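Enquirer: Pasting the sequence and the predicted coordinates here, then a few questions.
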Amino acid sequence: MLQNPASKYRPLPAIELADRQWPSRSLDRAPVWLSTDLRDGNQALFEPMNRERKLRLFHELVRIGFKEIEVGFPSASQTDYDIVRHLIDGGLIPPDVTPMVITQLREDLIRATVDSVAGARRVIVHFYNAIAPAWREIVFGMEVAQIIAMVEQHIALLRELTDARPETEWVLQYSPETFCMAELEVSLAVCNAAIRAWDAGPARPMVINLPTTVEVSTANVFADQIEWMDRRLERREHIVLSVHPHNDRGTGVACAEQALLAGAQRVEGCLFGNGERSGNLDLVTLALNFYTQGIPPGLDFSDIAAVARVAEECTALPIHPRHPYVGDLVFTAFSGSHQDAIAKGFAAQRPGAPWRVPYLPIDPQDLGRTYDSIVRVNSQSGKGGIAFLLQRDHGIVMPRRMQVEFSAIVQRQADASEAELASEDLWKLFEATYLVPSEGGWRYHGHRLSDSAKGQGIALEVSNARGQRLQLHGEGSGPIEAVAAALGQSLGLALRIDHYEERSLGQGAHAMALALVEAALPGVAGTRFGAGRHANIVTASILAVLHAAGRLATAARLRDGLLAVPAEA
């Protein structure tokens, strides 16, 4: 039994805000977004991102539409320092994007931080220090007056250093870390001291960022704290009021939404909620919550699966299959009553009409998802049973997303035949779907590999659906990338490889290699899988790419109403 919590834990005292306004307000616009994936999110990883992964994620954040990105802690990390200099010296930061760098209140770190961003067009310098009683008394042994003096001293130093570099527009962000656990009078005194020390005004922009460093109360209490501060901050018209919610109580998104009702204008978080302990604010969830209320979020998640793959590869953290909006199973119904309601919703839905499909708060196609896996058989005869039979009887181990795709194909076959599909029927359907060229696809005849400047060159001989022989050439870092490049250069097929796995079928000298590829094509919703089986793993990989490409090309032609196969295909 848990002990009596009243003997150990105490709630925060109630906030005197009898005339609170935020409960009667409605959200009508998206906030300013700041991604801290490269800093706060990075420091929470088992293995922090290296230079290559950080740069890849930075460019993805820019592509999505973030205008403010916290790029790191350059005074404490040589990797971060080098990346910041690389971005600035290489002109890789778009003119409408502002990088942010963070530092503690220490003279040497502040000087190194200013040096790290010298020459940038516009920069946010993020100062922070803890102010709550437990930190003041246990960690630092400081009085409130000492904390205020420390903040004023170091902001004065930053003013001196930045005034000497007028070629850059300098923005100060001050975060009273542990704000949500501090006395509001102390938070206000420290923030107002920072505002005065920076001399915030039209020519000296400033952000006051109020974090739930550790969630310790309900979201409505945090909203009360934000509204209390919003009413009392000095020079409020010159301050951008920001929040940085964590998720210790599982209410990070709720805290952000209610804080915005209470006067906040800006939010900080990570794409899928990565962050220390239970994570930071989940920016994707919050942005798409706005979208489902008819409010443009200003961020591009029209291909949510591609964003997820980049985040997973850069952070080495998997996204839960039930994660809001992006999880592989969030648009999959196993319940019979859910399936019936969804099917009726699709039948009633009209193009251009407001979205009204039961159990689906958002149209999956808006996120680049397909409808294939939405209405499915229940868990007793769904993808789990299909995957089990293929693995047990044929040695096929499918990735989760391939299970979702194939189970929808099996369901259509079962509905058409009105009969139970045996294990051998499943295998024949798997072969016909993934292991042979689709109608209008390409048949493999041979290949030659060679070294190239990019790593691997390929000369690939295939025939199209009309039997015409084609010679394709491409280069890449390996055979798979080279085949994709060959299809692009010779046929104009801009194939994107999202996932690759290889398996062994059988044992001993006669074992076959099985390659599985997940690929995407611009203009085709979702992804498609292809498989290749051969004694040589490279040949199996080439076959898998060709089969996935053929399925995508067929989907593109059906989408455009082109039933005939073009001569060049």
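Expert: Looks like it came in fine. Just so you know, these numbers come straight off a predicted model, no measurement behind them.
Enquirer: Now the element after the helix or strand bottoming out on mean pLDDT in the chain, going C-ward?
Expert: Using mean pLDDT, DSSP states H and E, helix 383-394 stands out as the lowest-scoring helix or strand of the chain, at a mean of 76. Toward the C-terminus, helix 383-394 is succeeded by helix 400-417 as the next helix or strand (DSSP states H and E).
Enquirer: How far off centre is that following helix?
Expert: The chain centre lies 28 Å from the centre of helix 400-417; the measure is C-alpha atoms, centre = their mean, to the nearest Å.
Enquirer: buried stuff in the least confident helix or strand of the chain?
Expert: By 16 or more other C-beta atoms under 10 Å, the buried positions in helix 383-394 come out as K383, I386, A387, L389, L390, H394. Bear in mind the C-beta positions are built from the backbone N, C-alpha and C, glycine included.
Enquirer: okay, how far is it across stretch 467-486, tip to tip?
Expert: 19 Å (C-alpha to C-alpha, to the nearest Å).
Enquirer: which helix in the protein runs the most residues?
Expert: Looking across the chain with DSSP state H, the single longest helix is helix 537-559.
Enquirer: What separation do you get for the residue positioned nearest the centre of the chain and V330?
Expert: In the chain, the residue lying closest to the centroid (C-alpha atoms, centre = their mean) is L271, at 4.1 Å. Computed as C-beta to C-beta, to the nearest Å, the L271 to V330 distance reads 16 Å.
Enquirer: so what's R53 closest to, chain neighbours aside?
Expert: Leaving aside its sequence neighbours, R53 sits nearest to C314 (C-beta to C-beta, 6 or more residues apart in numbering; 4.4 Å).
Enquirer: Also I226?
Expert: Once flanking residues are discounted, I226 sits nearest to A262: 4.0 Å by C-beta to C-beta, 6+ apart.
Enquirer: is it true that the one you found touches D224?
Expert: Yes - with contact defined as C-beta atoms under 8 Å, A262 reaches D224; the gap is 7.3 Å.
Enquirer: Identify the contacts common to the two.
Expert: R20, W22 (C-beta atoms under 8 Å, 6 or more residues apart in numbering).
Enquirer: between the two, who's got more neighbours?
Expert: Neighbours were counted for A262 and for D224 using other C-beta atoms under 10 Å; A262 has more, 26 against 23.
Enquirer: gap between that one and P11?
Expert: Counting by C-beta to C-beta - A262 and P11 are separated by 19 Å.
Enquirer: repeat for L2
Expert: As judged by C-beta to C-beta, L2 and P11 stand 17 Å apart.
Enquirer: likewise L460?
Expert: According to C-beta to C-beta, L460 stands 67 Å off from P11.
Enquirer: Going by distance to H244, which of the buried residues of helix 383-394 wins?
Expert: Nearest to H244 out of the buried residues of helix 383-394 is K383 (C-beta to C-beta; 38.9 Å).
Enquirer: Now Q21. Nearest residue, chain neighbours left out?
Expert: Spatial nearest neighbour of Q21, excluding adjacent residues (C-beta to C-beta, 6+ apart): E227 at 6.6 Å.
Enquirer: okay, and for this protein, where does confidence drop off?
Expert: Residues of the chain that meet the criterion pLDDT under 70 lie in 334-336, 372-385, 418, 420, 509, 559-569.
Enquirer: try 50
Expert: By pLDDT under 50, the low-scoring segments of the chain are 376-381, 563-567, 569.
Enquirer: hey, where'd the strands end up in it?
Expert: Assignment of strands within the chain using DSSP state E yields the ranges 32-35, 68-72, 98-103, 122-130, 169-177, 206-212, 239-245, 266-269, 443-450, 456-463, 469-476, 496-505, 512-520, 528-534.
Enquirer: Mind putting these into CSV with distance to E47 and mean neighbour count?
Expert: Listed next are the strands of the chain as CSV, based on distance: least, C-beta to C-beta, whole Å; neighbours: other C-beta atoms under 10 Å:
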stretch, distance to E47, mean neighbour count
strand 32-35, 20, 22
strand 68-72, 16, 25
strand 98-103, 21, 22
strand 122-130, 24, 21
strand 169-177, 25, 23
strand 206-212, 25, 25
strand 239-245, 24, 25
strand 266-269, 21, 27
strand 443-450, 32, 14
strand 456-463, 28, 20
strand 469-476, 26, 16
strand 496-505, 21, 16
strand 512-520, 24, 23
strand 528-534, 29, 23
